[in-house]
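# Have a look; sequence and predicted model below, questions after that.
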Amino acid sequence: MTDASQTDPRIDDLKTRVCAEVDRLADRLIDASHQIHAHPELNYQEVFAHDLLTNILDDLGHAPVRHAYGVDTAFEASVGASGPEIAVLCEYDALPGIGHACGHNVIATAGLGAGLAAAVLADEAGGRVRIMGTPAEEGGGGKILMARQGAFDGLAAAMMVHPADADLIRMDCIAVQEMYIDYHGKAAHAAAAPQEGRNALDAAVLGYMNVAALRQHILPTERIHGIFDKAGDKANIVPAETSMTWMVRSPTISSLQPLKERVLACLEASAAATGCSCNTRWQGVTYADMIDNGPMVASYVANAARLGRTVQDPRAIGHPVVGSTDMGNISYLVPSIHPMIKVAEDGVPIHTQAFAEWARSESGDLAVLDGAKAMAMTVIDLWASSAMRESVTAAFEQRPSTVSVL
């Protein structure tokens with residue numbers, strides 16, 4: 001689709017004004033980004049970020065709902081009397097050891113800025129905006145827990161931006177679920193009476209090797225990776241208890257289930273082979289693949305171009321960014337986009353200390369403002385163009401509709 005503002009002076013005026021509103025808020029948004037970056041918080045522990053962002057909403061008269069949908073560090077603020085309601089999502093959790101190496105400080109404040117700017121024009125433009133604080137993206141599935149409580153009901157669309165080393169229309173988001181396994185053996189003196197023992201470490205090692213052998217016979221797009229959490233206490237004691245954490249990934253949530261079953265068979269077989277027992281548990285949230293809504297992507301690309309950013313298809317330029325996100329689940333419920341915005345130099349991967357430094361750089365600050373503007377203008381397109389909303393809905397209806405993502 002073409003930029004609607006090219007043929008509608010009213011839309012062009014709304015976009016100009018919404019960008020000016022982001023500029024008016026720039027100092028506050030960048031300060032908030034830096035504060036969140038300086039206070040990294042893990043899954044469901046994002047008290048500082050929650051309070052900072054909701055206090056800004058309060059200061060600007062938007063009466064946020066704190067601790068929304070039964071999730072203590074989630075929030076929500078809705079603005080606008082009528083019309084299609086668009087959600088702009090904020091993430092703000094960090095990673096252990098490397099802080100905001102995924103740039104969630106940028107996500108949080110770009111989302112906040114987009115929502116605040118759009119809110120100023122909501123009634124005039126005939127729409128509503130929902131600013132949502134969604135915690136625990138890094139494995140905790142905050143959006144999924146919120147969705148189970150109806151957080152995304154009634155929305156016309158949802159969007160967010162994610163930092164990267166390039167401006168990209170999408171991240172290649174694949175489905176994932178985490179699992180935990182404990183092996184139970186029998187302790188014995190490893191020198192005096194090893195025959196009395198049942199080695200739980202052997203069970204874990206054999207399980208790891210079984211999965212390693214399985215990797216040869218899975219799809220090139222699938223991933224299985226794990227770690228040893230506990231491997232024994234002392235070298236002269238036959239380990240009685242060991243534990244591992246695994247992540248199983250597949251292109252779609254539908255193809256994930258059979259792969260999970262194969263991985264589980266590998267791990268359980270090693271317990272039988274060593275005379276041990278095991279118990280497994282899958283994490284209570286499964287991340288789905290991301291279904292990017294084509295018309296919304298086109299709108300975002302056109303709006304980013306107004307800001308001097310050329311947003312490209314990662315597959316076309318050979319620059320895929322592969323990962324998983326609970327935004328994928330939301331894309332099955334509501335028309336959604338998850339574009340990547342350039343923060344770092346080419347070749348700097350996310351989830352690294354180097355990327356964490358870029359997230360607080362001048363480039364990171366610019367991404368806060370440009371991300372806010374591009375999303376706010378995309379909100380304007382959705383509000384102002386019934387034709388666009390119809391095309392968004394038509395594209396959304398092509399998704400697999402029988403898949404459970406909650």
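Ah, there it is. Residues are numbered from 1 along each chain as shown.

# To what extent is Asp12 buried, counted in neighbours?
Asp12: 17 surrounding residues under other C-beta atoms under 10 Å. Every residue, glycine included, has its C-beta placed from N, CA and C.

# Need the contact partners of whichever strand or helix holds it.
Taking DSSP states H and E as the definition, Asp12 sits inside helix 9-24. Contacts of helix 9-24 with the rest of the structure, by C-beta atoms under 8 Å, 6 or more residues apart in numbering, involve 4-6, 29, 113-114, 116-118, 120-121, 124-125, 303, 306-307, 369, 372-373, 376-377, 379-381, 384-385.

# what do you get if the cut-off is 7 Å, keeping everything else the same?
4-5, 113, 117-118, 120-121, 125, 369, 372-373, 376-377, 380, 384 (C-beta atoms under 7 Å, 6 or more residues apart in numbering).

# Out of the residues you listed, list just those in helices.
Those of the contacts of helix 9-24 mapping onto helices are 113, 117-118, 120-121, 125, 369, 372-373, 376-377, 380, 384, per DSSP state H.

# In these, find the pair that's most separated.
Taking C-beta to C-beta as the measure, the ones in helices among the contacts of helix 9-24 span a maximum distance of 22.3 Å, between Leu369 and Ala384.

# Which residue ranges of the protein form strands?
For the chain, applying DSSP state E gives strands covering 65-66, 75-79, 85-90, 128-133, 157-159, 162-164, 172-173, 175-184, 223-230, 241-250, 277-282, 322-323, 336-337, 340-342.

# Can you convert these into JSON lines and add a column each for mean pLDDT, mean neighbour count and distance to Gln149?
Shown next, in JSON lines, are these (pLDDT from 0 to 100; neighbours: other C-beta atoms under 10 Å; distance: least, C-beta to C-beta, whole Å):
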{"stretch": "strand 65-66", "mean pLDDT": "98", "mean neighbour count": "16", "distance to Gln149": "12"}
{"stretch": "strand 75-79", "mean pLDDT": "98", "mean neighbour count": "22", "distance to Gln149": "11"}
{"stretch": "strand 85-90", "mean pLDDT": "98", "mean neighbour count": "26", "distance to Gln149": "15"}
{"stretch": "strand 128-133", "mean pLDDT": "98", "mean neighbour count": "27", "distance to Gln149": "12"}
{"stretch": "strand 157-159", "mean pLDDT": "98", "mean neighbour count": "27", "distance to Gln149": "16"}
{"stretch": "strand 162-164", "mean pLDDT": "98", "mean neighbour count": "26", "distance to Gln149": "24"}
{"stretch": "strand 172-173", "mean pLDDT": "94", "mean neighbour count": "20", "distance to Gln149": "23"}
{"stretch": "strand 175-184", "mean pLDDT": "98", "mean neighbour count": "21", "distance to Gln149": "21"}
{"stretch": "strand 223-230", "mean pLDDT": "97", "mean neighbour count": "15", "distance to Gln149": "30"}
{"stretch": "strand 241-250", "mean pLDDT": "98", "mean neighbour count": "21", "distance to Gln149": "26"}
{"stretch": "strand 277-282", "mean pLDDT": "98", "mean neighbour count": "15", "distance to Gln149": "21"}
{"stretch": "strand 322-323", "mean pLDDT": "92", "mean neighbour count": "15", "distance to Gln149": "25"}
{"stretch": "strand 336-337", "mean pLDDT": "98", "mean neighbour count": "28", "distance to Gln149": "18"}
{"stretch": "strand 340-342", "mean pLDDT": "98", "mean neighbour count": "24", "distance to Gln149": "29"}
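
# okay, and the helix or strand of this structure with the least pLDDT?
strand 322-323 (a mean of 92; mean pLDDT, DSSP states H and E).

# Quick check: which ranges of the chain have low pLDDT?
Along the chain, segments meeting pLDDT under 70 span 1-7.

# Try it again at 80.
1-7, 402 (pLDDT under 80).

# any idea how it splits into domains?
Domains of the chain are assigned by automatic domain parsing as 4-173+289-396, 175-282.

# could you measure Gly113 against Cys90, distance?
From Gly113 across to Cys90, the span is 10 Å (C-beta to C-beta, to the nearest Å).

# Over to His225?
For His225 relative to Cys90 (C-beta to C-beta), the value is 29 Å.

# same check, this time on Met179
29 Å.

# got it, and Gln257?
In terms of C-beta to C-beta, Gln257 sits 31 Å off from Cys90.

# Report whether the expected contact of Ala269 with Met209 is present.
No. In this structure, Ala269 is not within contact of Met209 by C-beta atoms under 7 Å, at 10.7 Å.

# Show me which of the two is the more surrounded one.
Ala269 (15 against 12).

# show me the contacts for that one.
Asn210.

# residues of stretch 191-209 that come out buried?
Residues Gly197, Arg198, Asn199, Ala200, Leu201, Asp202, Ala203, Ala204, Val205, Leu206, Gly207, Tyr208 are the ones in stretch 191-209 that count as buried (16 or more other C-beta atoms under 10 Å).

# Any chance of these in a markdown table with distance to Asn329 as columns?
A markdown table is the format used below for the buried residues of stretch 191-209 (distance: C-beta to C-beta, whole Å):
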| residue | distance to Asn329 |
| --- | --- |
| Gly197 | 44 |
| Arg198 | 40 |
| Asn199 | 40 |
| Ala200 | 35 |
| Leu201 | 36 |
| Asp202 | 38 |
| Ala203 | 34 |
| Ala204 | 31 |
| Val205 | 34 |
| Leu206 | 34 |
| Gly207 | 29 |
| Tyr208 | 29 |
